[in-house]
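Enquirer: could you work out the structure for the sequence below:
(3 chains)
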Amino acid sequence: MKSYRKELWFEVPGRRGFINITPQVEQCLKESGVTEGLALVNAMHITASVFINDDERGLHHDYDVWLEKLAPHEPASQYRHNVGEDNADAHMKRQIMGREVVVAVTQGRLDFGPWEQIFYGEFDGRRRKRVLVKIIGD
Amino acid sequence: MKSYRKELWFEVPGRRGFINITPQVEQCLKESGVTEGLALVNAMHITASVFINDDERGLHHDYDVWLEKLAPHEPASQYRHNVGEDNADAHMKRQIMGREVVVAVTQGRLDFGPWEQIFYGEFDGRRRKRVLVKIIGD
Amino acid sequence: MKSYRKELWFEVPGRRGFINITPQVEQCLKESGVTEGLALVNAMHITASVFINDDERGLHHDYDVWLEKLAPHEPASQYRHNVGEDNADAHMKRQIMGREVVVAVTQGRLDFGPWEQIFYGEFDGRRRKRVLVKIIGD
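Expert: Numbering: from 1, shown residues only, chains lettered A, B, ... in the order given. Below is the predicted model:
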C-alpha cells in the first residue's frame, strides 16, 4: 500500500472566505503515484472547513450570509467561548460545512461528479492555516 | 489491496426525497470481495447527500420540514446563486446532511450499529443523479 | 494491509453531553500497529455524533445552546418521529455535528493540527452506546 502526506498552507485576508483547492489536491495525487485508493483532505484547524460543492461566486456569497444567520458572529458576548477571543461562531460554522472530505481515487484521478470541487472554508482568517492531504492506495 | 467502484443511479420524482440505498451498497460490497477495509459512499452531485440515519417515515418528514426551515426554498430571489436556476437552498441542505459516509467493512459486512441505514438525500430532484461507491481493502 | 477494529462504550448520565475520546482512539492506534493509513471513528447510534473540535468547556456549552436553538427538543409534539419516543431533535443535532471522522495516521500517530481532539457527542443519553474505531493501513 502506498501512502502520501502533504500540508497545504492558506492565508485568507479577511475573517471569512472560500478557496478552491482542487488543483493543489490534484497535484498531490499526481505526486503520490496512487491510482486506486482514497484521498482524505481535512482542515487541521478547528475554525475552518474542507468541503465539496460548486465553484460559483453567487453561491459562496449565499453560504456566507446563510452561515452568519445560523451562527452569528455578533454579539460576541453571547458565546462563553469568547473569553479573550471572538471566534466561537467560527467553531459552529465549521461544523455545518464539515472538517473533511474523503474522495475516491480511480485510475489516478479524483473520482468526481460533474461539478464537484474541493474548497477550503475559512471562518477565522487573517493568519496562516493548514490543510492536510493524506492519500492511501496502490 | 483490492479496489472496487460502482455508480448507482437514482431519480427522485419530486424536488426532495430520501431513498434507503443500503441494499445496493451491500450488493456492491458482495461484488467487491473485500472483507476488511473501508467503503466510501458519496453523492456525485452537489445538491444531494448521502447520510446514515433511521429508516423511519416520520423522521424523514421531520428532516424535510426542518431543512426547509433552516434553508428555505422560497423566496428563490433571496439567493444570488438563483440566476437561471432555483436550487441554492439545495446546496445548503446538502451541507447540513453531508456529502458522504465512510463505513467500516468487517468480515465482509458493513459494520453497522443496530439502526444504521444509508440514505440518498435528494434536494433538487426530477432528474437522474449518481452516487459513487468505492471500496478498498483486502 | 493491516486492519483493526474496536468498539468503545459510553454512557452519558444526562440527555446531552460531550466526551473527549482522543486517548481511547490513540490507544486503539497503538494496539493496531498501523503506522501509515486511515482511522475511521464513527457513532454506531443515530442520535449521537463523533466530531473533531476544541476541548474547551465554554465552547461545549455554546454548542449545546446553539444546537438546541437549531433543533429544539421541546415541544416534542412538533416532530412526527416522536411517537412513543421523544428524540427526534437528537437525530437532527447529530446531522449537524456529523456521524464520523476520518483521521490520517502518519508515523504511528493521529495526524492532528494543534487543537484537534475527537469527541463523542451524545444527544439522547442515559444509556450505554457505542463508537466504532476502524483502522486500516500498513
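Enquirer: quick one: the spatially most central residue of chain A from chain B, how far?
Expert: Per Cα atoms, centre = their mean, the C-alpha nearest to the average position across chain A is that of A:Val50, at 1.8 Å. Distance, A:Val50 to chain B, by Cβ to the nearest Cβ, to the nearest Å: 11 Å. C-beta coordinates here come from the backbone N, C-alpha and C atoms, glycine included.
Enquirer: that residue contacts A:Gln117, doesn't it?
Expert: No - in this structure, A:Val50 is not within contact of A:Gln117 by Cβ atoms under 8 Å, at 11.4 Å.
Enquirer: same for the one helix or strand the residue nearest to the centre of chain A maps to, what does it pack against?
Expert: Per DSSP states H and E: A:Val50 is located in strand A:48-53. Counting contacts by 3 or more Cβ pairs under 8 Å, 6 or more residues apart in numbering or on different chains; DSSP states H and E, strand A:48-53 is packed against strand A:37-43, helix A:88-97, strand A:100-106, strand A:117-122, helix B:88-97.
Enquirer: now tabulate these in CSV and tack on distance to C:Pro75.
Expert: CSV is the format used below for those (distance: least, Cβ to Cβ, whole Å):
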stretch, distance to C:Pro75
strand A:37-43, 37
helix A:88-97, 24
strand A:100-106, 35
strand A:117-122, 34
helix B:88-97, 22
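Enquirer: what does the strand holding A:Val50 rub up against?
Expert: Contacts with strand A:48-53, where a contact means Cβ atoms under 8 Å, 6 or more residues apart in numbering or on different chains, come from A:21, A:41-43, A:59, A:90, A:93-94, A:97-101, A:103, A:116-124, A:129, A:131, B:46, B:91, B:94-95, B:99.
Enquirer: quick check: residues of chain A near chain B?
Expert: Contact residues (Cβ under 8 Å from any Cβ of the partner chain) of chain A with chain B: A:1, A:36-38, A:51-54, A:56-59, A:61-63, A:66, A:70, A:96-98, A:101-104, A:106, A:111-116, A:136-138.
Enquirer: which ones are touching whatever residue of chain A ends up closest to chain C?
Expert: As assessed by Cβ to the nearest Cβ, chain C sits closest to A:Met44 within chain A, at 2.9 Å. By Cβ under 8 Å, 6+ apart, the contact set of A:Met44 is A:Glu7, A:Lys129, A:Arg130, A:Val131, A:Leu132, C:Phe112, C:Gly113, C:Pro114, C:Glu116.
Enquirer: what average pLDDT does stretch A:124-138 get?
Expert: With pLDDT averaged residue by residue, stretch A:124-138 scores 98.
Enquirer: kindly report the same for stretch A:13-29.
Expert: Stretch A:13-29 comes out at a mean pLDDT of 98.
Enquirer: anything in that stretch near chain C?
Expert: No - using Cβ under 8 Å from any Cβ, we find that stretch A:13-29 stays clear of chain C, coming within 12.5 Å at best.
Enquirer: contacts for that stretch?
Expert: With contacts defined as Cβ under 8 Å, 6+ apart, stretch A:13-29 is touched by A:4, A:6, A:8, A:10, A:12, A:39, A:41, A:50, A:55, A:60, A:63-64, A:73, A:93, A:103, A:105, A:108-110, A:117-126, A:131, A:133, A:135.
Enquirer: just the C-alphas of that stretch, formatted as PDB.
Expert: What follows is stretch A:13-29, C-alpha atoms only, in PDB (Å, rounded to 0.1, in the frame of the first residue of the first chain):
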ATOM      1  CA  PRO A  13      -7.000  38.100   4.300                       C
ATOM      2  CA  GLY A  14     -10.500  38.700   5.800                       C
ATOM      3  CA  ARG A  15     -12.300  36.800   8.600                       C
ATOM      4  CA  ARG A  16     -14.100  34.500   6.200                       C
ATOM      5  CA  GLY A  17     -13.500  33.200   2.700                       C
ATOM      6  CA  PHE A  18     -13.600  30.200   0.400                       C
ATOM      7  CA  ILE A  19     -10.700  28.900  -1.700                       C
ATOM      8  CA  ASN A  20     -10.900  26.300  -4.500                       C
ATOM      9  CA  ILE A  21      -8.100  23.900  -3.600                       C
ATOM     10  CA  THR A  22      -8.800  21.300  -6.200                       C
ATOM     11  CA  PRO A  23      -5.700  22.000  -8.300                       C
ATOM     12  CA  GLN A  24      -3.400  21.600  -5.300                       C
ATOM     13  CA  VAL A  25      -5.100  18.300  -4.300                       C
ATOM     14  CA  GLU A  26      -4.800  17.000  -7.900                       C
ATOM     15  CA  GLN A  27      -1.100  17.900  -7.800                       C
ATOM     16  CA  CYS A  28      -0.800  15.900  -4.500                       C
ATOM     17  CA  LEU A  29      -2.500  12.900  -6.200                       C
END
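Enquirer: buried sites along it?
Expert: Judged by neighbour count using 16 or more other Cβ atoms under 10 Å in any protein chain shown, the buried positions of stretch A:13-29 are A:Arg15, A:Arg16, A:Gly17, A:Phe18, A:Ile19, A:Ile21, A:Thr22, A:Gln24, A:Val25, A:Cys28, A:Leu29.
Enquirer: and chain A, which residues reach chain C?
Expert: Listed as neighbours of chain C in chain A under the rule Cβ under 8 Å from any Cβ: A:1, A:3, A:5, A:38, A:40, A:42-46, A:70-71, A:79-83, A:88, A:91-92, A:94-96, A:98-100, A:102, A:130, A:132, A:134, A:136.
Enquirer: looking at chain A, which helix is longest?
Expert: helix A:57-70 (DSSP state H).
Enquirer: neighbouring strands - and their directions - for the strand or helix carrying A:Trp9?
Expert: According to DSSP H and E, A:Trp9 maps onto strand A:2-11. Sheet pairing for strand A:2-11, assigned by DSSP bridges, gives strand A:128-137 (antiparallel).
Enquirer: give the helix, strand or coil label for the closest residue to chain B within chain A.
Expert: Nearest residue of chain A to chain B: A:Gly113, at 2.9 Å (Cβ to the nearest Cβ). The three-state label for A:Gly113, taken from DSSP: H, G, I helix; E, B strand; the rest coil, comes out as coil.
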